[in-house]
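# Take a look and give me a structure for this.
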Amino acid sequence: MIYMGCYQDSGGNQVLADYDYHSNSNSPTECSNNCRNYKFFGVEAWSHCLCGNTINSATQVPESECTRLCPGETSKRCGDHWRINLYRHWGCPLGSYGVNCSKQCHCRKSSCDDVTGACGNGGCKDGWKGIACDE
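Numbers count the residues shown, from 1 in each chain. You can find the predicted model right below:
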């Protein structure tokens, strides 16, 4: 599982809307297992787990806004009121990054970071520059 960060959620347009459930033993691990057939999953408001194959609307917020401890794994955070700790089961395909893997990177060696697009020590392919080698 790949942690993507803390995001704002809303009742009218939830970040993940394919499947959700409540559990008194909620944790990222439990939620991941229950959402194993979905690309994305997230824990929210202590006991809430959401699953989805697409992200509907994602506004990242500071980690300090996801403060609720998970009842099933108290060393982990389970979002907060309308705040979701978002995860991805699978990484982005080679050469792409971002929330829905829709941004392109041009790294010289290996793949770029799934979230930021950073290329690491290999640097950019010829003709490309920037942190994500996308300029």
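# where are the low-confidence patches of the protein?
For the chain, residues meeting the criterion pLDDT under 70 lie at 110.
# 80 - rerun?
Along the chain, the parts satisfying pLDDT under 80 run over 11-13, 57-58, 90-94, 98-101, 109-115, 120-122.
# can you map out the helices along it?
Secondary structure of the chain by DSSP state H: the helices cover 28-34.
# the strands in it, which residues?
Listed in chain order, the strands of the chain (DSSP state E) span 2-8, 19-22, 40-44, 48-52, 59-60, 69-70, 73-77, 83-88, 96-97, 103-104.
# among the ones you listed, which is the most enclosed?
strand 40-44 (a mean of 28; mean count of other Cβ atoms under 10 Å). From N, CA and C alone the C-beta is placed, and that goes for glycine too.
# re the thing from before, tell me which of the strands of the chain lies nearest to N121.
strand 96-97 (16.8 Å; Cβ to Cβ).
# That closest one - contacts with which helices or strands?
The helices and strands touching strand 96-97, judged by 3 or more Cβ pairs under 8 Å, 6 or more residues apart in numbering; DSSP states H and E, are strand 103-104.
# Give me the sheet partners of the strand it packs on and which way each runs.
strand 96-97 (antiparallel) (DSSP bridges).
# any chance of the strands of the chain in TSV, with distance to E135 too?
Formatted as TSV, the strands of the chain follow (distance: least, Cβ to Cβ, whole Å):
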stretch	distance to E135
strand 2-8	23
strand 19-22	38
strand 40-44	28
strand 48-52	31
strand 59-60	22
strand 69-70	39
strand 73-77	34
strand 83-88	25
strand 96-97	14
strand 103-104	11
